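A.B. asks: Structure of the sequence below:
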Amino acid sequence: MKAARWHNARDIRVENIDEPVIASGKVKIKVHWTGICGSDLHEYAAGPIFIPVEQPHYVSKDIAPIVMGHEFSGEVVEIGEGVTSVQIGDPVVVEPILSCGECAACKKGKYNLCKHLGFHGLAGGGGGFSEYTMVDEHMVHKMPEGLSYEQGALVEPAAVALHAVRLSKLKAGDKAAVFGTGPIGLLVIEALRAAGASEIYAVELSTERAAKALELGAKAVINPAEEDVVSRLHELTNGGVDVAFEVTGVPVVLQQSIDSTTFEGETIIVSIWETPASVQPNNLVLAERTVKGIIAYCDIFPAVMELMTQGYFSAEQLVTKRIGLGDVVTEGFEALMKEKNHIKILVNSQA
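C.D. replies: Modelled structure (predicted):
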C-alpha cells in the first residue's frame with residue numbers, strides 16, 4: 001500500500017509498504033481523509049521532535065522512517081479477536097495518543113501526560129498518511145450519524161482546542177485573546193465561543209486568516225506588524241483579557257500573551273516549540289498572573305463530535321485545500337511552508 005513516511009527533516013517520501021495484518025484487540029481502518037497538522041509541519045521543517053530516531057519508541061517499538069498523519073477518519077474494514085466496540089463498515093475517528101498505561105500519569109487516567117507519550121502517525125505504529133492503518137480498540141471512536149469523513153478528520157485538532165479552553169480558568173462572560181489563527185487558533189476561537197466567552201480577540205498577520213477569525217467569532221483582529229498588540233488589547237478590553245492563548249510557537253509572542261492579560265490573568269500555551277522562549281518573571285509576579293501548558297487532550301473526543309453535530313468546528317469553513325496522498329509533500333507540506341493563506345489541508349489517502 002502507499003504511505004508517506006518521514007525519513008528526516010525535509011525528507012518525507014511516498015512509498016510502498018506492507019499493509020497491516022489484523023491482530024487480536026486491533027481495528028484495521030481504510031483511511032479516508034487526513035489533516036496536515038502544525039506538529040507534522042514542525043517535524044517536516046525541523047524534526048525530529050516526537051519522531052523516534054535514535055531508539056525505538058517505548059510504546060510503538062518503531063523507529064524512523066515512520067508513517068505520518070495523526071488527524072484522520074476512516075472506515076473499519078477488519079476487527080481483531082475480542083473487539084466489540086465497533087463493527088466492519090463503521091465510520092470512525094482515531095484518538096492517536098500512544099501511552100504506556102504504567103506510569104504515574106497513566107495510572108491517574110491522565111494518559112496525555114504519559115511519561116512515554118507518543119502519537120500514532122508521529123511516533124510509529126502506522127499513520128493516517130497511508131491507505132490502511134491499524135490501532136488498538138480503545139483508540140477508535142465511532143462517528144455519530146451525519147458526520148462526514150472530512151469532518152471526522154477535524155476531530156483531533158478540535159480536541160486540542162477544546163481541551164485548552166476546558167483547562168483554562170475561563171468562565172462564561174470572560175474575555176479572551178488568541179495569538180495565532182492557524183487551524184488550532186481558529187478552533188480555539190470556536191471552543192471559546194462554545195464556552196461562553198463574551199469577547200474574543202485574535203492576533204494575526206495573515207489577512208486571510210484574520211478574515212476567517214472574524215467569521216468564526218472574533219470581535220476584532222490585531223495585526224502585530226501594524227499595532228502594538230499589548231497596548232491595543234488593554235485598550236479594547238479596558239485592562240486586559242482574562243485568558244490569553246498562545247498558539248504560534250514564536251518566542252516573542254509568549255511575552256506578549258502574558259502581558260495582554262489583566263491582573264490575575266492566565267496564559268495557556270498550546271504550541272509545540274522548536275526553540276526556547278524567554279519571559280520576564282516580574283510580569284507574572286507583580287500581577288499574580290499564571291502560565292499553563294497543555295498537551296493534546298484527554299477523554300474529550302465524544303464531546304467534540306457532539307459539538308460538531310451542533311455546527312461547531314465546521315470542515316466547510318476550515319478546509320482550504322484537498323489533495324491526494326501522492327501530492328502530500330509538494331502540494332501539502334511545501335505549500336504550507338510557503339503559503340500562509342491556507343488554513344487546513346486535507347489529504348485523501350485513497351487518491
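A.B. asks: contacts, neighbours, all on C-alpha from now
C.D. replies: Noted.
A.B. asks: Hmm, Glu199 is touching Leu214, no?
C.D. replies: No. With contact defined as Cα atoms under 8 Å, Glu199 does not count as touching Leu214 (11.7 Å).
A.B. asks: shouldn't His120 be in contact with Glu71?
C.D. replies: No. With contact taken as Cα under 8 Å, His120 and Glu71 are classed as non-touching, separated by 9.4 Å.
A.B. asks: Find the residues that touch each one of those two.
C.D. replies: In the contact map built from Cα atoms under 8 Å, 6 or more residues apart in numbering, the residues linked to both His120 and Glu71 are Pro96.
A.B. asks: For the closest residue to Thr207 other than its chain neighbours, give me its contacts.
C.D. replies: Among residues not flanking Thr207 along the chain, Asn341 sits closest, at 7.9 Å (Cα to Cα, 6 or more residues apart in numbering). The neighbourhood of Asn341, defined by Cα under 8 Å, 6+ apart, consists of 206-209.
A.B. asks: Can you tell me which of those is nearest Ala9?
C.D. replies: For the contacts of Asn341, the residue nearest Ala9 by Cα to Cα is Ser206; the value is 25.7 Å.
A.B. asks: pretty sure Arg5 contacts Ile17?
C.D. replies: No. Under the criterion of Cα under 8 Å, Arg5 makes no contact with Ile17, lying 9.6 Å away.
A.B. asks: Of the two, give the one with the bigger neighbour count.
C.D. replies: When Arg5 is set against Ile17 and neighbours are counted by other Cα atoms under 10 Å, the residue ahead is Arg5, at 25 against 13.
A.B. asks: The more buried one: what secondary structure?
C.D. replies: Classification of Arg5 by DSSP: H, G, I helix; E, B strand; the rest coil places it in strand.
A.B. asks: what about the closest residue to it other than its chain neighbours, neighbour count?
C.D. replies: Residue nearest to Arg5 in three dimensions, not counting chain neighbours: Val67, with 4.2 Å by Cα to Cα, 6+ apart. By the other Cα under 10 Å criterion, the neighbourhood of Val67 contains 29 residues.
A.B. asks: close enough to count as contact, Val67 and Ala3?
C.D. replies: Yes. Under the criterion of Cα under 8 Å, Val67 makes contact with Ala3 at 6.4 Å.
A.B. asks: I'd like the distance between the spatially closest residue to Asp18 that is not a sequence neighbour and Val67.
C.D. replies: Leaving aside its sequence neighbours, Asp18 sits nearest to Met1 (Cα to Cα, 6+ apart; 6.1 Å). With the distance defined as Cα to Cα, to the nearest Å, Met1 ends up 12 Å from Val67.
A.B. asks: anything in contact with each of those two?
C.D. replies: With contacts taken as Cα under 8 Å, 6+ apart, the residues that reach both Met1 and Val67 are Ser130.
A.B. asks: Okay, buried residues for stretch 183-199 please.
C.D. replies: Going by neighbour count (16 or more other Cα atoms under 10 Å), the buried part of stretch 183-199 is 183-193, 195, 197, 199.
A.B. asks: List the ones among these that fall in strands.
C.D. replies: Secondary structure assignment by DSSP state E places Glu199 of the buried residues of stretch 183-199 in strands.
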